[in-house]
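**Q** Sequence first, predicted model second:
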Amino acid sequence: MEYCEEFLERCRYLGYNPKKFSSPMPWIGIYVAFASAICSLAMALDAINGFFKKKFWFPCRVFTLNAASLTLLAIAVKLPMDLNNPMPRYPDQLAKFSSTVLMSTAMANFMPSLGSMDDKEIFMNMIALGIFVITLLVNVCIQIYTGVIYADWFLQALVMFFIIVMFVIMSFSSLVVPTTKKYLEFEFRKIDSMIASEDPRENGMTAIEKLKEDLKKYWIMAETGNPQFVMARSVTCTACCAICILNVLMLSLVWIQNIIIYFYIGHHRYFHPASDYGKSTYVIAWIQSIGVIIGTIGPLFRLVRAVKFKRSILKIDNIGFKLEKYWIERLLDWKERPLALRIRNRRCQKVVHKTKDLMLSSCIKIQIAVVAVSKSLLLMSTFLSWPFFSCYFCFLRCRDYLKSNGSKNKQGSGLESKDPDISHYVLHLEGEEQLPRAMGDNYLSVVSKGRRQPSQQLRDLLHELTNFNSLAEFDSSQIPSVLSLEPPNCWKLPVVTLSSILIAIPNIDDDKVESVLNCVRKGMAYVSLVDKVLAKKLDLKKVREAADATWLDVDLLRRWQGEDLRNMATEGKTSKEILEKLCVIANKYVIEFKMKGNIVPENLELSIKVIAANSMYRISRTLLLLYNGISEPSEEEIFKHISILIANILGACLTNIPQVITMNFRSIAPEKREKSVCHAARILGETEEILEALQKHDLPVLTPEQLLNIDEWRVSMEEKILSSPITASSGTRPSSFNELQTVVDQ
């Protein structure tokens, strides 16, 4: 104190006003309120996302355990960290209390996000959270001891105790994440192999029907095996939710107490004497309390659904405290595994070994205690909610009875035949109850949403598809290569190149051109999916980049390599002349590339412009070779022929959609599997009619891996056409489009 008085005297002597030192404090309070509002908004977005997607376990999408969230929380809970500034008013004490409750609410909301982290992320984030929690604990204890926190100090200490308990529960729950992922991934692979071995012909199902059935099974596995959902339905997360709700109840009591005090002592005495933060503390208390209410939505629903999912919990004799193996498996493995440290001194080695065993034995005991306490809290929550759930289940039984009156047998048989074995595809851990059959409802809604968004124009274009023989017409093997080694083709690049040529054809109505381009635009989303899978087997990075860059110019600017395609269509030239011009321009790019000394065999050395130019050169030369044997083809005939070429390539590509859908969610990480299956369900809904129509066409005799490759299709179709009776007997090119179509149809 003497030092402080001496310091103030020194400031006055030097002409400083000590009161100005605290003038920024109200603005700091506003800053704290702003950070609290952002935390509240993040939790609100997660709650909205949960309601919107009907995931009432509320996955963490925005407010997750990471550096950004912890930084915001550190700002939001500044008031309990402030040791120096006296805060004697009731609003100040309320703001300190609401900050600690906000911290506990945030921790309860963080819990599911642990499931989506790897070991390194869990370690770093839990260390950061631990430092934060310990710092908060020390500061609050100091303030309680010094009297800075005097109102409701017992409740404040109780909340801090619960925060420590929550941190211990979170820490030991995080140790189980890799083990649960391993268990559930093993279950997924086992069921996956079983699904893959099923033959649809045994059940009289088509390939599309088999895909729909399989996709629903994978949907169930993806939802129930979601690492965040596994953590959210765990008994430890349920315990954290129960503690969070208890802290919220204590905050409610403090608010009620403050309201009573306000009306008892009056406005003036309630808000005076003022602290350095001014009235900003009252704003902080309000914002943080609203944030606590919003943040309690997720934990409350998780707790309620934990009781609802495990209906056998309502029977006391079914509630046990058996410890499942996965809780301590990792700790036991660490205990049995020798240390990698090389210690020469045998005595030191013995001490280190015993210390390790002692620490891990203690951790195992703590883990057992954590699970036991968590199950006890769940049991207590069940008993406390017993009257509510008794009324709730009674209401459900009455409602179901009234709904099924008169049509009970009919509805029951239909439901059983629809999903007879859906429970076999639920991924659950040891000791978990079977999850309800309603898990598949979201799947049906996503597929239905996809069915409402199909492309009618794409379907109309694909209806012109007769067979896939015309895939031999876009790139002929008779065209000599201008590169030392031809780059592999992806599905997108030929479609983009043909679309560029289509725009340049003269005397064609703009609406017709735009109609085909709209079909291509819609089909590109599916083509990219197939190319993405094909790129895992072939080196298509540069080829895909060339296709993407070219399509961007063609779609937005109607340009190819800087050439205005619409101007070409209005120059008064014929389609053959335009094809020759495009061929010359493309060949020029390739020649310039070779003149620079870039004659290399590796495809990686080719620039995206050269790859696009090579595609244009080969396709335009192939079309010229085809049209030169036809006497005076009209612009409409050429336009229709190129449109059919595009339709055939898109149709052939889309036949791979079932295979691509299955491969995507089989090979993806568990954290991303649910999103992948959801995307696949939407694609299935959008393409269901198209896939059923494509089933009527015969596919070439190729392996599934070869069907993914457009070059394999082209070679197969060329061999088929060359071996056909008409082509083999005539040995000449067709002289008209009718003859050309006859050859292709054969």
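**A** That came in fine, so what should we check first?
**Q** what's near enough to touch R618?
**A** By C-beta atoms under 8 Å, 6 or more residues apart in numbering, R618 lies in contact with 475-476, 479. (Glycine included, C-beta is placed from N, CA and C.)
**Q** For D539, give me the pLDDT.
**A** Note on D539: pLDDT of 79.
**Q** rewinding a little: mind giving me the PyMOL command for buried ones among the contacts of R618?
**A** To isolate the buried ones among the contacts of R618 in PyMOL, judged by 16 or more other C-beta atoms under 10 Å, type:
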select buried, resi 475+476
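**Q** between the contacts of R618, which is nearest E671?
**A** E671 lies nearest to D475 out of those, by C-beta to C-beta, at 40.4 Å.
**Q** list the contacts for that closest one?
**A** Contacts of D475 (C-beta under 8 Å, 6+ apart): 489, 494, 618-619, 622, 714.
**Q** before we move on, what about I611?
**A** 487, 493, 542-543, 546.
**Q** Near the residue nearest to it when sequence neighbours are not counted, how many other residues are there?
**A** Nearest-residue entry for I611: A546, 4.0 Å, with adjacent residues in sequence omitted and distances by C-beta to C-beta, 6 or more residues apart in numbering. Neighbourhood size, A546 [other C-beta atoms under 10 Å]: 27.
**Q** quick revisit: among the contacts of D475, give me the pair with the biggest separation.
**A** For the contacts of D475, the farthest-apart pair by C-beta to C-beta is N489 and T622; their separation is 12.7 Å.
**Q** Looking at these two, which is more packed in?
**A** Neighbours per residue (other C-beta under 10 Å) separate N489 from T622, with N489 holding more: 25 against 20.
**Q** The more buried one contacts V543, doesn't it?
**A** Yes. Contact status for N489 versus V543: in contact at 7.1 Å, counting by C-beta atoms under 8 Å.
**Q** now the contacts of R618 in JSON lines, with distance to G115 and pLDDT?
**A** Listed next are the contacts of R618 as JSON lines, based on distance: C-beta to C-beta, whole Å; pLDDT from 0 to 100:
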{"residue": "D475", "distance to G115": "48", "pLDDT": "82"}
{"residue": "S476", "distance to G115": "54", "pLDDT": "80"}
{"residue": "I479", "distance to G115": "55", "pLDDT": "82"}
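**Q** Just the closest of the contacts of R618 to D510, please.
**A** Nearest to D510 among the contacts of R618, with distances taken as C-beta to C-beta, is D475, at 28.1 Å.
**Q** Shouldn't that closest one be within a strand?
**A** No. Read with DSSP: H, G, I helix; E, B strand; the rest coil, D475 is coil and lies in no strand.
**Q** Begin at 95, not 1, for the rest of this chat.
**A** Okay, using 95 as the starting number, the last item reads as D569.
**Q** Can you list phi and psi of it for me?
**A** Listed backbone geometry of D569 is phi -150, psi 100, with angles given as degrees, to the nearest 10.
**Q** Equivalent analysis for D658, please.
**A** Main-chain torsions, D658, degrees, to the nearest 10: phi -80, psi 110.
**Q** If we ignore the residues flanking it in sequence, what's nearest it?
**A** In space, D658 is closest to R652, 6.8 Å off (C-beta to C-beta, 6+ apart).
**Q** Next, that neighbour: phi, psi?
**A** Dihedral pair for R652: phi 60, psi 40, per degrees, to the nearest 10.
**Q** now it: how far from A643?
**A** Noted for R652: a distance of 15 Å to A643, by C-beta to C-beta, to the nearest Å.
**Q** who's more crowded, the two?
**A** R652 (19 against 16).
**Q** Please enumerate the helices of the stretch 95-244 of the chain.
**A** Applying DSSP state H, counting those that start in this stretch to the stretch 95-244 of the chain gives helices spanning 96-107, 119-146, 161-170, 172-175, 184-204, 213-240.
**Q** Contacts made by the shortest one with the rest, please.
**A** Helix 172-175 is contacted from outside by 122, 126, 181, 186, 189-190, 193-194, 229-230, 233-234, 237, 243, 371, 375, 378, using C-beta under 8 Å, 6+ apart.
**Q** Is A787 in contact with L556, as I believe?
**A** Yes. Between A787 and L556 there is a contact under C-beta under 8 Å: 6.8 Å.
**Q** Look at the two and report which has more neighbours.
**A** Using other C-beta under 10 Å, the more surrounded residue of A787 and L556 is L556, with 21 against 16.
**Q** Show me what the helix or strand that one falls within is in contact with.
**A** Following DSSP states H and E, one finds L556 within helix 550-557. Residues from elsewhere that reach helix 550-557, judged by C-beta under 8 Å, 6+ apart: 609-610, 612-613, 616-617, 737, 740-741, 744-745, 748, 783-784, 787-788.
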